[in-house]
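Colleague: Here is my input, please return the structure:
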Amino acid sequence: MGWVILGVVVVLILAWLVFTYNGLIAARNRTQEAWSEIDVELKRRHDLIPNLVNTVQGYMGHERGTLEAVTNARANAVAAGATGDPAKIGQAENMLSQSLRSLFAVSENYPDLKAISAFTNLQETLTATEDKLEFSRRFYNGNVRDYNIKLQTLPTSLIAGALGFKAFGFFQADEGDRAVPQVSFNNMPSPSSPSSLPPAAGPGGPPGPGSAGPPPQS
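Modeller: This next block holds a predicted model:
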């Protein structure tokens, strides 16, 4: 009788291990899939920025500092994306958002840009990308929360580490810098003659973070 009870206990333990392992695998895969959606939107954003800089520099070329800040922030964001670290990526993307805010704020002084469909189309596309990125960020962070809770609660926490499961980091964003501001061209003064600015990197520049894969588990 004792052997029967022992056998039942062993079977129950094995069943729990299988159930727990499969649940962790599913949660981890959902989290990595959610990150891939962020990756896609970030890469789209990075690919749009060189076209934006090339479009506006003919009209606001003497705003060299603003344009170079956007180009440098984009390069830093691409480099951060290659690390796959959500914390580094979030910081770099926040800086990129700030530089874009400055660019669009300065562009309000150039009403001639209103007639350039390439500029307005890029602005609208960037705004739509920001909205998708925010949705993807919330979705990813929700999956990270659920997955990390599984790892940290008993009895799963007793075996998660031994099975090779590690927590994911959240992808943070600055609430004040996430959205691309709208541009108003009403009653703005005419700009002075722009000076030249070296062309920014084209859309075929350094690869975005889409090739970096999912973020590492901390």
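
Colleague: The helix ranked longest in the chain: how far from the chain's middle?
Modeller: Identified as the longest helix of the chain according to DSSP state H is helix 2-56. Taking CA atoms, centre = their mean, to the nearest Å, one finds helix 2-56 lying 17 Å from the centre of the chain it belongs to.

Colleague: And the next helix or strand past it?
Modeller: Downstream of helix 2-56, the next assigned helix or strand under DSSP states H and E is helix 64-83.

Colleague: other SSEs contacting that following helix?
Modeller: helix 2-56, helix 86-107 (3 or more CB pairs under 8 Å, 6 or more residues apart in numbering; DSSP states H and E). To be clear about C-beta, it is placed using only N, CA and C from the backbone, and glycine gets the same treatment.

Colleague: Next, the buried residues of it.
Modeller: 66-67, 69-71, 73-78, 80-82 (16 or more other CB atoms under 10 Å).

Colleague: Quickly compare the helices and strands packed on helix 64-83 and say which is most buried.
Modeller: Comparing the helices and strands packed on helix 64-83 by mean neighbour count (mean count of other CB atoms under 10 Å), helix 86-107 ranks first with a mean of 20.

Colleague: between that one and helix 64-83, how many degrees?
Modeller: 160 degrees (axes from the mean of the first three to the mean of the last three CA atoms, to 10 degrees).

Colleague: For helix 86-107, name the packing helices and strands.
Modeller: Checking 3+ CB pairs under 8 Å, 6+ apart, helix 86-107 ends up next to helix 2-56, helix 64-83, helix 117-152.

Colleague: now these as CSV including mean pLDDT?
Modeller: Below are these laid out as CSV (pLDDT from 0 to 100):
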stretch, mean pLDDT
helix 2-56, 92
helix 64-83, 92
helix 117-152, 92
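
Colleague: Would you mind reformatting those (as TSV) and adding columns for distance to Gly169 while you're at it?
Modeller: Formatted as TSV, those follow (distance: least, CB to CB, whole Å):
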stretch	distance to Gly169
helix 2-56	10
helix 64-83	12
helix 117-152	7
